[in-house]
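Student: I'll drop the sequence and a predicted model, then ask my questions.
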Amino acid sequence: YKQNPNKVIFITVQDKNTSAAIKRFREKFPNIVFEVVYVKEFDVVDITKKINQLIKREKGNIIFINVTEGRKTMSLAGVFAASINKGLTEGAFYLRQDTHELMPIPLPEFRLSDTKIKILNELEKSNKDVSEINKRVKVHRSLIYASLKELTIGGHIKKDRSITDSGRICLLAAENERER
């Protein structure tokens, strides 16, 4: 996986250390185009969305997502964005310090059934009542209850039926699927 990129996009927080590091990269590699995207370091869903937008914008290019540096939340967002864009990226990778080789990171699956996605969409709109969800999703109530239980066990919603970050990333994955 030795690569010689012609473009590098940094996903980072805005601080003096980061600015100095990026300046050093630009000086050391003058033939590479560098772009910087600043994020809130603890908002995994927002970081995932920003990386997702960049992947869509760079569609057609060979895309590697390096998750070696940065906070764990930022690395997770990189893995999640690679996961929901499996056909558009080469994946997420970690640069091993001992061998200087890229190690592929296993990508989790965020695809859910159409019914579960519809239920998540309703929950995202604060429609938590099963009767209301039933009217909008148009599936049998028993399937709604079973789906709610599975979404809870899967960590996509909480017991109070509020949607989690995992659920929001599933919605983003479903949106990507509809766009393809």
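Tutor: Good, I have the coordinates. Numbering: from 1, shown residues only.
Student: can you give me the strands in this structure?
Tutor: For the chain, the strands defined by DSSP state E occupy 7-12, 33-38, 65-66, 92-95, 102-104.
Student: Using CSV, lay out the ones you listed together with mean neighbour count and distance to Lys59.
Tutor: In this view, the C-beta of every residue, glycine as well, is placed from N, C-alpha and C. Output for the strands of the chain, formatted as CSV (neighbours: other CB atoms under 10 Å; distance: least, CB to CB, whole Å):
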stretch, mean neighbour count, distance to Lys59
strand 7-12, 18, 14
strand 33-38, 13, 16
strand 65-66, 22, 14
strand 92-95, 19, 17
strand 102-104, 15, 21
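Student: Out of these, the one nearest Asp114 is which?
Tutor: strand 92-95 (26.8 Å; CB to CB).
Student: Show me what the mean pLDDT comes to for that closest one.
Tutor: Taken as a whole, strand 92-95 has an average pLDDT of 94.
Student: And stretch 33-41, by the same measure?
Tutor: For stretch 33-41, mean pLDDT is 94.
Student: May I see the strands of the chain organised as a markdown table, with distance to Ser113 added?
Tutor: A markdown table is the format used below for the strands of the chain (distance: least, CB to CB, whole Å):
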| stretch | distance to Ser113 |
| --- | --- |
| strand 7-12 | 31 |
| strand 33-38 | 33 |
| strand 65-66 | 27 |
| strand 92-95 | 25 |
| strand 102-104 | 28 |
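Student: where does the protein have low pLDDT?
Tutor: 1-3 (pLDDT under 70).
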